[in-house]
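Chemist: take this sequence and fold it.
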Amino acid sequence: MQRISRRSLAVVILASVTSLVVCVSAGSADEPLNVTPVLLAVHDAPVPFKGSGGLIHLVYELWITNFSSADAAVEKVEVIGDGAVLQSLDSAAVTQRLQPAGLRESVGTLAKSAQALLFINVSLAPNAKIPRELSHHVTVRVSAAPPGHQEISESGGATTIDQRPVAIIGPPLSGDRFISADSCCDATRHTRAALPVNGRVRVAQRFAVDWEQLDVSGHIYAGPRARLESYTIFGKPVLAVADAVVASVVEGVPEQTPGAYPTDISLDAADGNAIILDLGEHRFALYAHLQTHSIKVRQGENVKRGQVLALVGNTGNSVAPHLHFQLTEESSSLGSNGLPYEIDDFQVAGKTPGTEAFDEAEGKGTPLAIAAISPALRVKNAMPLDQLVISFMVK
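Modeler: Prediction:
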């Protein structure tokens with residue numbers, strides 16, 4: 001926007017559905033004054049981590065508020081690190097990532113007097129210097145404004161990178177043909193699951209993954225879909241990812257019938273049978289949807305890496321047997337913010353065609369097409385990204 005000195009005139013822009021009204025008043029300060037109808041903020045600074053593809057990722061949310069009475073189409077967003085542009089999102093990319101508060105559908109136009117979260121995933125080369133600070137530059141178009149005043153550019157959302165060390169953990173499962181479903185960094189079910197909990201918006205599942213498993217013929221299940229034992233992963237041992245203390249245990253929740261999500265389930269019951277481990281240094285590991293009466297540990301107990309904690313089940317808010325796993329900074333599965341982590345040793349044996357193909361294979365019981373990687377790629381100290389075929393090597 002045009003910069004105007006207070007010494008001359010202060011400008012206030014009131015955008016309406018029909019016009020852009022400019023009101024002026026006298027001022028005396030020397031510093032320039034800008035009206036900023038689009039406000040930018042970052043509530044949770046990103047923690048850099050390495051993904052299984054070898055890149056360094058910065059995953060976070062840019063809050064955008066349209067503080068005007070006219071709709072604003074977001075045409076461009078630039079992520080700037082230490083003064084250099086790291087990523088540029090055009091209108092099409094924004095439309096896939098901008099999620100209005102309280103909704104799960106993305107949009108490209110921010111409604112008047114509305115707020116939305118732009119879900120950002122910046123990828124940096126393995127040897128790239130991680131910036132100290134991030135800021136953002138956005139361009140929006142207000143079609144209701146008069147010609148010559150429709151395009152507005154603003155900068156904001158400055159934040160300092162969170163340089164805390166990333167937890168290096170072991171695998172939560174043992175074996176082959178595990179699928180990292182809805183994993184980081186662009187899967188909408190977890191990464192964009194922003195929830196207002198206890199007076200603050202949290203993204204506890206920012207780095208969550210739903211581990212499922214294929215059989216040797218590529219099926220997620222073989223036999224009747226409604227039968228728990230038809231699923232390859234059902235009943236598989238769940239392992240402690242580190243030496244830890246059991247922070248909490250939920251037990252006694254009955255199994256759900258596969259094929260449909262339960263209705264009217266409360267937040268407290270969403271995890272089903274679950275375990276939270278305290279890994280130390282404000283890091284907590286959640287294992288959810290565990291098999292009924294399979295939990296082998298109790299609150300306050302010390303566990304060792306690789307120790308069997310429970311078995312995979314289908315309890316709580318679950319449509320099919322799987323292991324939901326995530327790290328958070330507090331001992332709450334939903335009332336906390338998700339943290340990245342890196343598994344110290346695993347193999348990537350292939351990749352699925354994507355979430356849509358995975359959902360179809362799970363819904364119909366058909367084989368999931370896999371683009372094999374041969375020989376399998378051995379990866380150390382990285383997070384398994386979305387829709388990969390993973391083998392875990394337990395030490």
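
Chemist: residues in contact with Ala73?
Modeler: Counting by Cβ atoms under 8 Å, 6 or more residues apart in numbering, Ala73 touches Ser91, Gly108, Thr109, Leu110, Val140, Arg141, Val142, Ser143. C-beta here means a position set from N, CA and C on the backbone, and glycine is covered the same way.

Chemist: ugh, typo on my part, it should be Glu329
Modeler: Glu329 is in contact with His282, Arg283, Phe284, Ser336, Asn337, Leu339, counting by Cβ under 8 Å, 6+ apart.

Chemist: redo these as JSON lines? Include neighbour count and secondary structure.
Modeler: Listed next are the contacts of Glu329 as JSON lines, based on neighbours: other Cβ atoms under 10 Å; DSSP: H, G, I helix; E, B strand; the rest coil:
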{"residue": "His282", "neighbour count": "13", "secondary structure": "coil"}
{"residue": "Arg283", "neighbour count": "22", "secondary structure": "coil"}
{"residue": "Phe284", "neighbour count": "23", "secondary structure": "strand"}
{"residue": "Ser336", "neighbour count": "23", "secondary structure": "coil"}
{"residue": "Asn337", "neighbour count": "19", "secondary structure": "coil"}
{"residue": "Leu339", "neighbour count": "24", "secondary structure": "strand"}
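
Chemist: any weak-confidence spans in this protein?
Modeler: Applying pLDDT under 70 to the chain picks out residues 1-31, 395.

Chemist: remind me, longest helix of it?
Modeler: helix 355-364 (DSSP state H).

Chemist: tell me which strands the next helix or strand after that helix pairs with, and in which orientation.
Modeler: Counting by DSSP states H and E, the next helix or strand C-terminal to helix 355-364 is strand 371-379. Partners of strand 371-379 in the sheet, by DSSP bridges, are strand 346-351 (antiparallel).

Chemist: who's in contact with the strand it pairs with?
Modeler: Outside strand 346-351, the residues that reach it (Cβ under 8 Å, 6+ apart) are 52, 171, 176-177, 370-374, 376-379, 384, 387-393.

Chemist: I'd say Val203 and Val197 touch.
Modeler: No: assessed by Cβ atoms under 8 Å, Val203 is found out of contact with Val197, at 10.2 Å.

Chemist: quick revisit: would you mark the buried spots in the longest helix of the chain?
Modeler: By neighbour count on 16 or more other Cβ atoms under 10 Å, the buried set for helix 355-364 is Thr355, Phe358, Ala361, Glu362.

Chemist: still on that earlier bit, who has more neighbours out of Val203 and Val197?
Modeler: For Val203 versus Val197, neighbours defined as other Cβ atoms under 10 Å are more numerous around Val203 (25 against 14).

Chemist: if I look at the nearest residue to that one once chain neighbours are set aside, how far off is Asp278?
Modeler: Nearest residue to Val203, sequence neighbours excluded (Cβ to Cβ, 6 or more residues apart in numbering): Ala194, at 5.1 Å. Note on Ala194: its distance to Asp278, by Cβ to Cβ, to the nearest Å, is 25 Å.

Chemist: still on that earlier bit, out of the buried residues of helix 355-364, who's nearest Leu134?
Modeler: Thr355 (27.9 Å; Cβ to Cβ).

Chemist: contacts only, for the closest one.
Modeler: Thr355 sits in contact with Ala181, Asp182, Ala187, Asp386, Gln387, where contact means Cβ under 8 Å, 6+ apart.

Chemist: show me where the stretch 51-200 of the chain has its helices.
Modeler: Using DSSP state H, counting those that start in this stretch, the helices of the stretch 51-200 of the chain run over 91-95, 188-191.

Chemist: deepest-packed of these, please.
Modeler: helix 188-191 (a mean of 19; mean count of other Cβ atoms under 10 Å).

Chemist: which strands or helices does it pack on?
Modeler: With contacts taken as 3 or more Cβ pairs under 8 Å, 6 or more residues apart in numbering; DSSP states H and E, helix 188-191 sits against strand 209-213.

Chemist: what are the contacting residues of stretch 365-379?
Modeler: Contacts of stretch 365-379 (Cβ under 8 Å, 6+ apart): 52, 179, 214, 217-222, 225, 345-353, 357-358, 360-361, 389, 391.

Chemist: and those residues, which of them are buried?
Modeler: Using 16+ other Cβ under 10 Å as the burial test, the contacts of stretch 365-379 include 52, 179, 214, 219-221, 225, 345-352, 358, 361, 389, 391 as buried.

Chemist: quick one on the thing from earlier: just the buried residues of the contacts of strand 346-351.
Modeler: Buried among these by 16+ other Cβ under 10 Å: 52, 171, 177, 370, 376, 379, 384, 387-392.

Chemist: Ala260: neighbour count?
Modeler: Using other Cβ under 10 Å, Ala260 has 10 neighbouring residues.

Chemist: how about the contacts made by it?
Modeler: Going by Cβ under 8 Å, 6+ apart, Ala260 touches Val319.

Chemist: name the element it belongs to?
Modeler: Following DSSP H and E, there is no helix or strand that holds Ala260.

Chemist: can you give me phi and psi for it?
Modeler: When read as degrees, to the nearest 10, the backbone of Ala260 gives phi -150, psi 150.

Chemist: how does this protein divide into domains?
Modeler: Following automatic domain parsing, one gets these domains for the chain: 4-33, 38-160, 167-392.

Chemist: the longest one: how far from the chain's middle?
Modeler: Read that as domain 167-392. How far domain 167-392 lies from its chain's middle: 14 Å, per Cα atoms, centre = their mean, to the nearest Å.

Chemist: SS state for the closest residue to Leu339 other than its chain neighbours?
Modeler: Sequence neighbours aside, Leu327 is the residue nearest to Leu339 in space, at 4.5 Å (criterion: Cβ to Cβ, 6+ apart). With DSSP: H, G, I helix; E, B strand; the rest coil as the basis, Leu327 sits in strand.

Chemist: again, but for the one 4 residues further on
Modeler: Counting by three-state DSSP, the backbone at Ser331 sits in coil.
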